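Participant: need coordinates for the following:
(4 chains)
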2 protein chains.
Amino acid sequence: MSETKNIANREIMEELRGADVRPSTTRVHVLKYLREHRNHPTVDRIYQNLIETLPGLSRTSVYNTIGVLERAGLVRPLSMEGGEMRYDAFTEDHAHFQCERCGAIFDVPLNASGIAGDALREFRVKRLDVLFWGLCPLCAKEHRES
Amino acid sequence: MSETKNIANREIMEELRGADVRPSTTRVHVLKYLREHRNHPTVDRIYQNLIETLPGLSRTSVYNTIGVLERAGLVRPLSMEGGEMRYDAFTEDHAHFQCERCGAIFDVPLNASGIAGDALREFRVKRLDVLFWGLCPLCAKEHRES
DNA sequence: TTCAATAACTGTAACGATTACAAATATAAT
DNA sequence: ATTATATTTGTAATCGTTACAGTTATTGAA
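Facilitator: Numbering: from 1, shown residues only, chains lettered A, B, ... in the order given. The predicted model follows:
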């Protein structure tokens, strides 16, 4: 393990402790993966990636860990087309765009002020998910050419 | 069957034909259910409701029908918390609010202009899903009192 | 340090929503 | 009527996720 990796691990551990989550090996690796890969992965993708460095890791453990991180507010779930869940460790406000052709997910800046007028005055809003759907620039181009 | 129902059926059939969908019994009933119940039902809820008047209806048939209506642009899918799909036959722009406590889904007016700035200039946007999540007025009140 | 209590993890089985598929039925076109 | 095509059914398979029981690791107190 390289120096930088150790430092990153320590940072991740701090972050976990700061959220009152005990920094077990699995938790550190899962959160680290999410911080290093802003790719909105599925649980399976995380599992497939981590199994290489953590032989013996179980899928169930990744599910558990994601649940813990989610409850701790470190990770937010995205429910995408087809009912598959994806996870994002960047919790500042932003929207997503998913390409119907290549499946890629893009982060999109979000200015949500006033989008619902005052219709939610009496509601207690805890989360807002904004998902655009269509063709990404590359797929839009290829689509026009065919 | 009452007069009004027949008229409604005829209207539904027109709508289907207008979208190049052959108005089979199942299709008419499913679209009719969605028009009469603005409750964002799951496939199973539609099935449970229709089986009373259409004995012998199969769940698979409801799935097929929803797929046909969706491809025809008459119905839009909502992927909610927990990966369950719900369907909405009202396709004009609006957002949704789901209550984390009672599960109810509310329609919310939506003013989406400019929410992504010009970040999607090169994208071809075909759909926008906006989902708020939190406590509805009643549940927020009950929550405060406990 | 040792021990007991608790937390975390594994692996298998169960589950629920959805899809695949083959057979049956209904509808449309010749 | 007859054939082709669409639609529907019912069962089995699939996929993502959760439940659960047993195991291993960690913590805190004696």
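Participant: which residue ranges make up the domains of chain A?
Facilitator: As given by automatic domain parsing, the domain ranges for chain A are A:3-81, A:92-144.
Participant: DNA strand C is nearest to which of those domains?
Facilitator: Nearest to DNA strand C among these is domain A:3-81 (2.6 Å), distances taken as Cβ to the nearest atom of the strand. All C-beta spots, glycine's among them, are computed from the backbone N, C-alpha and C.
Participant: give the rounded mean pLDDT of the closest one.
Facilitator: Taken as a whole, domain A:3-81 carries a mean pLDDT of 92.
Participant: that one near chain B anywhere?
Facilitator: Yes. Counting by Cβ under 8 Å from any Cβ of the partner chain, chain B is contacted by domain A:3-81 at A:79-81.
Participant: of those, just the buried ones, ChimeraX syntax please.
Facilitator: Those of the residues of domain A:3-81 next to chain B that count as buried under 16 or more other Cβ atoms under 10 Å in any protein chain shown are selected in ChimeraX with:
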select /A:79,80
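Participant: ok, which of the residues of domain A:3-81 next to chain B also contact DNA strand D?
Facilitator: Contacts with DNA strand D are made by none of the residues of domain A:3-81 next to chain B, judged by Cβ under 7 Å from any atom of the strand.
Participant: so of the residues of domain A:3-81 next to chain B, which ones are in strands?
Facilitator: Secondary structure assignment by DSSP state E places A:Ser79 of these in strands.
Participant: for the residues of domain A:3-81 next to chain B, give me CSV that also has distance to B:Arg27.
Facilitator: Listed next are the residues of domain A:3-81 next to chain B as CSV, based on distance: Cβ to Cβ, whole Å:
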residue, distance to B:Arg27
A:Ser79, 27
A:Met80, 27
A:Glu81, 23
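Participant: the residue nearest the centre of chain A bridge partners, please.
Facilitator: Relative to the mean C-alpha position of chain A, the nearest C-alpha, by Cα atoms, centre = their mean, is the one of A:Asp88, at 1.3 Å. Following DSSP bridges, A:Asp88 is listed with bridge partners A:Arg76.
Participant: that one touches A:Leu78, doesn't it?
Facilitator: Yes. Using Cβ atoms under 8 Å, A:Asp88 is in contact with A:Leu78, at 5.9 Å.
Participant: need the overlap of contacts for these two.
Facilitator: Shared contacts of A:Asp88 and A:Leu78, defined by Cβ atoms under 8 Å, 6 or more residues apart in numbering or on different chains, comprise A:His40.
Participant: what parts of chain A come near DNA strand C?
Facilitator: Residues of chain A found near DNA strand C (Cβ under 7 Å from any atom of the strand) are A:21-22, A:24-27, A:54, A:56-61, A:64-65, A:82-83.
Participant: filter those down to the buried ones and hand me the ChimeraX line.
Facilitator: Applying 16+ other Cβ under 10 Å to the residues of chain A next to DNA strand C, the buried members can be selected in ChimeraX as follows:
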select /A:21,26,27,54,57,61,65
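Participant: so which of the residues of chain A next to DNA strand C sit within helices?
Facilitator: A:25-27, A:59-61, A:64-65 (DSSP state H).
Participant: looking at those residues, spot the one nearest DNA strand D.
Facilitator: The nearest member of those to DNA strand D, counting by Cβ to the nearest atom of the strand, is A:Thr60 at 4.3 Å.
Participant: now the closest one: how far from A:Ser24?
Facilitator: Using Cβ to Cβ, to the nearest Å, A:Thr60 is found at 14 Å from A:Ser24.
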